Structure formats: C-alpha cells, structure tokens
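# Pasted the sequence and its predicted model underneath.
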Amino acid sequence: MLAAIAARIKAHVRGNDRVGRFGGDELAILYVGTDTARAQQAARKLAQHIAATPIPTVEGEVTVQVRGAVTAILDGERSGEAAFARLRNAVRTARPGTIVVAGNARPTDSDAGFDDAAAGVTAGTTLGGTYRILHELSRGAMGVVYRGEDLGLARPVAIKVLRSDLASDAALVTKFRAEAAMLASLHHTNLVQVYSLGEHQGDVYFVMELVEGQALAEVMDTQHEAGQWLPFEAIAQIALEIGDALDAMHQIGLIHRDVKPANVLLDRERDRAVLVDVGVAKRHGDEVDGAGTPGYAAPESFLEGSSESPETDVYGLAATMFCALTGKPPFGSGQLMQVITRQLHDPLMLPSSHRPALTRAVDEVMKKALDPDQKRRFQSASSFAMALARALERAPRTGPDSEPPRERIPRPDAPGSVPLAAVLKQTEVLTGAVVRPASAGAVHPEMVRAAHFRVAGRVIAHLAGDAAVRAISESDPEMASALAPGASPLGWLPLSLLCRLVERAGEQVKARNGGDVAQQLIRAIGRSTVSATFARFFGADPATLGVVSMLAVLPSMWSRYHGWCKARVMKRGAGAADVIITGACPPLAVHLCAAELAKACELAGATGVQVAEQSDGREHRFALSWTPGPDTI
C-alpha cells in the first residue's frame, strides 16, 4: 500500500524533488524551494489526489486519506534532523485530510528563518529565579542549548530549552521529566550531569553540567586539517569511558540511541570524554518513533517491527570509534533508507582498508560490533570498548601510517580474515560478563560515605549532649578526624569505624537514658543520613518518580553510600520488593541498611513501609513492603 502511494506521489512531484521512506507508514518529500506556503499548497493537492483515486488491492479498491505536515530547513540547521523532528510531532496531531505547517516554519519566505524553539527565552532571561541565560551554544532536534549561570551557586551551567511544539505535548514532557530525573541519579563522570528541570512561560528546560571542551567531531576535523590522526591511545580511552557511561545508562533501563562524534565532548579541564544529548533516549521496551543519526544509528532504530536494546548503543559507539579511526562512518552517510540498505546488505569496508596501520584484530572487533543482527554484537558497550582497546594495543605499527582521509578509494578486504575466536583469545576479552574498565571510578571496599559520621555527631549530641561527642573525639584521634566539623561528607571512611562509634555512643546514651540503644542509634543515623543527602546523591526529588522508579536505580545509587557491598532489587508484586545486599559486615551495618532502605522508600512517596531483615553473614535480604498506589511494581 505504501509503495503504491509513494509511486503515485512520485508521479506528481517535480523531477528535482525527492520522495523516500521515512519509517513505518510515513513518507518524506524533499521539496526544492523556499516558499513554505507553496509547499503546503502542493502537499494539499497531493493529498486530495490520493484521496480521490482509490488504490486497487487483492481485496478490492481502497480509499486512502492522507494527513501531513510541511516545514522548512532553517538557516543554521546543518542537517534535516530538526526538521524531521518538527514534522513527526506535527503529523501526530494533524487531522486526517489536512496538511499543517510544523513548528517553527512559517508559510512565508520572509519568516523562513524564524525559530520558536524557545520563544520566551533570550539572553538575560532568568529561569526559575536561579538560572540566567548568557548566550546560545548550539541547536538540535530537541531544542536550543544555552550557556547560563547558576546565580545561587555561582557556577556556569548549560541550559537546554525544549522546542515549544514538544513542550506542549504533556505526555512527552512527563516522560522526559522522569527520564531526566533517572539520568540525574547516575552521577557518572562520563555522563553530563543533569541538575534540575523546570518551566518558564510555557518553555520546558533542564539545567545540566557545562562541559568546557570540544566535540569529538570537531577535534577530528582539526586533526585531519593538520594532516594528523587521533592517536590510538586516545581513541581507546574515549571508547572505554563512553562505553562505561552507556553501561551505566543501560543498568537503569535507558538507551541513548544517538551516539556519534558530535555527542561526545572532550573535557579539556577534567581530561575526560563525556556523553551528551539524551534528548532521544528511551526506556528499554518502550515503543517510540525511530531516532538517531543515519550512518551512526543502528538499522533497528528505524525499521518497523524492530526493537532497540543496549546492543543498539554498542553499534553507535562502534560506528563512532570507526569514524575516529578512519575519518568516516562505516557505511557512509546520505539519505536514511540508502544508509540502512548498506548497513543491512553491504559487507563492512574494514577499517584497515581505510587505514593500513590498523590490524585484522581491529577489523574483527569492528565486524562483530557493527553486525546488522543485534544478537551477534557485543553484549555491552564496555566489552566492545575493552576489545577495541586490547586490539589497538597489539597493533603492529610497522612502517608509516596513511594520511587522514580526503577523497580516498577503499581497497578490497584483505585475504585470510582472522576468525573472531582467535581475535578474542588474543585480546583476552569478551568472557560473557560485563567488565568495568578503570574509568568506572574509585572502589571503596569496607567503606561508607563520611556523611554518616556528620549525621552521627548530630544524633549523638542530641541524645547525649555535646560533651559525649567531645569525650568520644578526645579518646580516639581517628574518630576525632571523622567527627570534625570541617570533614567532607563526600569522603569515605571505614565501616568498622562507624560501628565502633555507634557502640561507644551507645554506652554514653545508656548512661543517661538506660538500656542498650546501639541498634536504635544506628537506625536513627541511617534514616537521618538518607534524609540529609538523598536529594543530592539521587540528583532529583524522588517523590516525583515514586518508589518503583526509585528502586529501579537503587543498585547504582547504593554505591554512593556504601563501598563495602552491592545491591540488587527483585520484584515481588504490587507494593513489594526484595533488596539483596551482598557483602560481609557486622550486625549493626545490617540495621543501618534496613533503616536507609525504609527512609528512601518514604522519600519516594511510599506509605506504610515495612522492612523485614534476613542475613546469613554475607548476603542480606530485605523484604520491602508498602501500601500499593498508582506507582506499583
């Protein structure tokens, strides 16, 4: 049916216009001209012609009613991504038989450059009474990114304002808020940190960390213009860091879907690679429109009936690293369906065909990562990154390297391809498990966050007086350092020291109040610590998500409190879940965890929270239950 409609449209468009499959039951027409009103009129005539002429099928004639939208590719838009995003959003709300003008494209030549992506936001605007807009940084399919200033904390920030047509979609904004809050909870050094989300005169915005640096795409261009390649060591490090960031997203069920050189920033101040632009990220399993950049996005991102998975981001990372190594995306660029056809049916032009200094080990790693079948790719982004890094380490760079690409003619694949199993054995990777590279951040075995000690000092002072805190500090220099007012709450201190502090404090409190109160004391410290730090460590107000969404990110969040253990969550039904914490610890630490879990659920909006503890010394099971509400498992 779609092919018949496309053929009918092709028969009526001008010779220099183009018609292509856009995805699903949608067609895209590139109209060569500058007058949006004339394009709208032409589209209406096409729609009327199709509706007036039934299409023959095996079951008889079918009358088709078309709806559509037109938009202009505006000045400053270097690709059609933003235009296509405007079209798809407008088509969803268009009535059958109508052709609407989408988003910021107006039906006159004089207004062709108008952009209402952030109509109420200009330089000097203050958002939420806290964030002042300074100047524009970039534009994309989702909106405009500005450099701004956090007036309260006196720090620079980046502020992304959603296009007004997207901001008017309540369901989309609700979903975006939830996913922004989930991302804010990650606090990963290689993911841009999201600080807050708000609304200003109908414009939805979110505030994030400002990364001072250049996009990988710009760095590559600069290197190539100077006749130089990016060093193998730098490429390997970028792959490891971005792979680790993607794994962190995948652990909470999010897929980035738009990994490409333009979305990898090289932070010159902190010497790191940062993955940015989560505007088209989706939750694994959600049915959403296709998104991504042709040439870097995996084919399943645009094919009807295909589902995206973490392996989709493996493809995007591999295509990005392919470009960093060779200077061009693996299957070229161009019109969407042409690129997808090459991805699905053409053999990969091996990296060594573009750059002879690359070995067959690199070729085989790339072939696996860029396989059109998701199931044949690496299972995680970090396992691909480690395989690539090992292959690059073993690259025998004999003789001079080739020059960066200008217009190069690829040579045929080298004969005698090395079997993948041999490459994997040679590079000592892909054991089936996700292996975290060193860039994952510091590990703190047998440690807890120092914030526990700051809270403990206040709790002890409240129950036994300031004199009790002074007595404990004077008797133990290590405790004195931990309880010092200037100690950083973000540091790490031994779990055994916290338990020793509680036992000593229990003796002080017992002398005044009677009874053994160590267990009650550690529970009070746990609850108060979570109350004081949860919003900061979580990165968002957990009440906006609910207990289920909070528990979904608990494993990654838990490591911000405890370095001595790992947590995982098991669903048990509506209003119930089990949290399994693995790690050897004294009994007081078990009570600490139970109190913190209960308080976290309460902060997320749960009522009637109950926690049952069961421990065998190393594995500790906490059966959580709460009164079921709208947010249920």
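Received, thanks.

# Now do the strands in the stretch 451-600 of the chain.
According to DSSP state E, counting those that start in this stretch, the stretch 451-600 of the chain carries its strands in the segments 492-494, 566-573, 576-582.

# which helices and strands does the first one pack with?
This points to strand 492-494. strand 447-449 (3 or more C-beta pairs under 8 Å, 6 or more residues apart in numbering; DSSP states H and E). C-beta: built from backbone N, CA, C; applies to glycine.

# The strand it packs on - contacts with which helices or strands?
strand 492-494, helix 495-513.

# pLDDT (mean, whole number) over the shortest one?
Going back to what we said before, that points to strand 492-494. Regarding strand 492-494, the rounded mean pLDDT is 87.

# ok, Met209 touching Gln193?
One thing to correct before we go on: residue 209 is Glu, not Met. Yes. With contact defined as C-beta atoms under 8 Å, Glu209 reaches Gln193; the gap is 4.0 Å.

# Worst mean pLDDT among the helices and strands packed on strand 447-449?
Note on those: lowest mean pLDDT is at helix 495-513, with a mean of 82.

# which other residues reach it?
Contact with helix 495-513 is made by 446-448, 452-453, 456, 460, 463-465, 468, 471-472, 475-476, 478-479, 482-483, 516-518, 521-522, 525, 562, 564, 585-586, 588-589, 592, as judged by C-beta atoms under 8 Å, 6 or more residues apart in numbering.

# Try it again at 7 Å.
Contact partners of helix 495-513, identified using C-beta atoms under 7 Å, 6 or more residues apart in numbering, comprise 446-448, 452-453, 456, 460, 463-464, 468, 472, 478-479, 482, 516-518, 521-522, 564, 585-586, 588-589.

# buried ones in that helix?
Neighbour counts over helix 495-513 (16 or more other C-beta atoms under 10 Å) mark 495-502, 504-506, 508-509 as buried.

# what's the answer for stretch 343-362, then?
For stretch 343-362, the neighbour count (16+ other C-beta under 10 Å) marks 343, 348-355, 357-362 as buried.

# Lowest mean pLDDT among the helices and strands of the protein, which one is it?
For the chain, using mean pLDDT, DSSP states H and E, the weakest element among its helices and strands is helix 420-427, scoring a mean of 32.

# mind checking pLDDT for Arg132?
91.

# coming back round to it: okay if I get the strands of the stretch 451-600 of the chain as CSV plus mean neighbour count and distance to Asp258?
Formatted as CSV, the strands of the stretch 451-600 of the chain follow (neighbours: other C-beta atoms under 10 Å; distance: least, C-beta to C-beta, whole Å):
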stretch, mean neighbour count, distance to Asp258
strand 492-494, 19, 35
strand 566-573, 14, 28
strand 576-582, 18, 32
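
# To Ser307, which of those strands lies closest?
Ser307 lies closest to strand 566-573 among those, at 21.3 Å (C-beta to C-beta).

# Summarise which helices and strands the closest one is packed against.
helix 554-558, strand 576-582 (3 or more C-beta pairs under 7 Å, 6 or more residues apart in numbering; DSSP states H and E).

# least reliable of those going by mean pLDDT?
Taking the mean pLDDT of the helices and strands packed on strand 566-573, helix 554-558 comes last: a mean of 80.

# Show me the domain layout of the protein.
Following the assignment in automatic domain parsing, the chain carries domains at 2-111, 126-209, 216-397, 447-625.

# mean pLDDT for those domains: which is lowest?
domain 2-111 (a mean of 63).

# so of the contacts of helix 495-513, which ones are in helices?
Of the contacts of helix 495-513, the ones assigned to helices by DSSP state H are 452-453, 456, 460, 463-464, 468, 472, 478-479, 482, 518, 521-522, 588-589.

# Closest to Val530 out of these?
His452 (10.0 Å).

# measure the closest one to Ala600 for me?
Separation of His452 from Ala600 (C-beta to C-beta, to the nearest Å) stands at 15 Å.

# can you check Ser333 too?
Relative to Ala600, and taking C-beta to C-beta, Ser333 is found at 46 Å.

# More neighbours: these two, which one.
Between Ser333 and Ala600, Ala600 has the larger neighbour count (other C-beta atoms under 10 Å), namely 27 against 13.

# My read is that that one contacts Phe534, right?
Yes. In this structure, Ala600 is within contact of Phe534 by C-beta atoms under 7 Å, at 6.4 Å.

# burial measure for Tyr37, as a count.
Not quite, residue 37 is Ala, not Tyr. For Ala37, using other C-beta under 10 Å, the count is 13.

# Point me to the helix or strand that includes it.
Element membership for Ala37, per DSSP states H and E: helix 36-52.

# How about Glu233?
For Glu233, the host element (DSSP H and E) is helix 232-251.

# chain center to that helix, what's the gap?
Helix 232-251 sits 12 Å away from the centroid of its parent chain (C-alpha atoms, centre = their mean, to the nearest Å).

# What residues sit buried inside that helix?
In terms of neighbour count (16+ other C-beta under 10 Å), helix 232-251 has its buried residues at 232, 234-251.

# try stretch 609-629
Quick answer for stretch 609-629 (16+ other C-beta under 10 Å): Val609, Val611, Ser615, His620, Phe622, Leu624, Ser625, Trp626, Pro628.

# Would you format those residues as CSV with secondary structure and distance to Glu199 included?
Converted to CSV, the buried residues of stretch 609-629 look like this (DSSP: H, G, I helix; E, B strand; the rest coil; distance: C-beta to C-beta, whole Å):
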residue, secondary structure, distance to Glu199
Val609, coil, 31
Val611, strand, 36
Ser615, strand, 46
His620, strand, 42
Phe622, strand, 37
Leu624, strand, 33
Ser625, strand, 35
Trp626, coil, 30
Pro628, coil, 30
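
# Show me which of those residues is closest to Pro56.
Checking the buried residues of stretch 609-629 against Pro56 by C-beta to C-beta gives Pro628 as the nearest, at 54.2 Å.

# Surely the closest one touches Gly573?
No. Using C-beta under 7 Å, Pro628 is not in contact with Gly573; the gap is 8.8 Å.
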